[in-house]
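> this one's structure only:
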C-alpha cells in the first residue's frame, strides 16, 4: 500500500490482491502521499492471502500524538483476534499476536514512547517462535512463544480496529507480508 495516489477512496494494494477502502484525507506522507486518518480508517476485506498466517511481517510509517491501533486484523472482535501493531495509552509501540482458541495473547512493547508527532517507522515480525518489535529499524522488544495465530477471518484495518477503536494519525507505506 504505497499510499501515493493522492485522491480517491481506495488504498490500492501494491501486490494487486487486497485493495482497501477509506474516507481519510490524502496529505503529504513520508514518501509521496499518505493518509490522514482522524476517526477514519482503511478497511481491507479478509481474503485467503491475509488469513491463516503462521509467520508475518507488518510495517508502516506513522505520525501521531495519540494512541490506538495502527494496523490490526481482528483485534477487539472476540473469536476473530489475530494480530495488531498499535500505540498503547502510554505512547509505547506494541505488537501482539493471538491464539484465541487457547485464550492466549502475546505482546512485545517498546521501552520508549513513539507518539511524539514525528514520522516513526514501526514493524513487527512473528516467525512461529518469536514476536519481534522494531522502531525506526532497531529491534526494541522480543517475546518468545509458540502459539498458532488463529484464522479469525476478520478484516484488516489501518488506523482502526473492528471494535471501533481508532487512532488519529497520518499513515504511509503500510506493508503486510506472510513471512517473518
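All right, it came through fine. Keep in mind that this is a model prediction, so the values were computed, not measured. Residues are numbered from 1 along each chain as shown.
> Bridge partners for residue 72, pull those for me.
Under the criterion DSSP bridges, residue 72 forms beta bridges with residue 84, residue 157.
> Touching, it and residue 95? I think so.
No. Shown here, residue 72 and residue 95 do not form a contact pair, counting by Cβ atoms under 8 Å, at 10.7 Å. Every residue, glycine included, has its C-beta placed from N, CA and C.
> any common contacting residues for these two?
83-85 (Cβ atoms under 8 Å, 6 or more residues apart in numbering).
> Now render those residues as TSV, adding pLDDT, distance to residue 55 and neighbour count.
Shown next, in TSV, are these (pLDDT from 0 to 100; distance: Cβ to Cβ, whole Å; neighbours: other Cβ atoms under 10 Å):
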residue	pLDDT	distance to residue 55	neighbour count
83	87	11	26
84	89	16	25
85	93	15	24
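> Check these against residue 166 and report the nearest one.
Closest to residue 166 out of the shared contacts of residue 72 and residue 95 is residue 84 (13.0 Å), distances taken as Cβ to Cβ.
> my read: that closest one touches residue 95, true?
Yes. Using Cβ under 8 Å, residue 84 is in contact with residue 95, at 7.4 Å.
> Quick check: what element follows the helix-or-strand element of the chain with minimal mean pLDDT along the chain?
Using mean pLDDT, DSSP states H and E, strand 10-11 stands out as the lowest-scoring helix or strand of the chain, at a mean of 76. Per DSSP states H and E, the first helix or strand lying C-terminal to strand 10-11 is strand 20-22.
> Which neighbouring elements make contact with that next one?
Secondary-structure packing of strand 20-22 (3 or more Cβ pairs under 8 Å, 6 or more residues apart in numbering; DSSP states H and E): strand 10-11, strand 42-44, strand 156-158.
> one step back: off-centre distance for the least confident helix or strand of the chain?
Taking Cα atoms, centre = their mean, to the nearest Å, one finds strand 10-11 lying 16 Å from the centre of the chain it belongs to.
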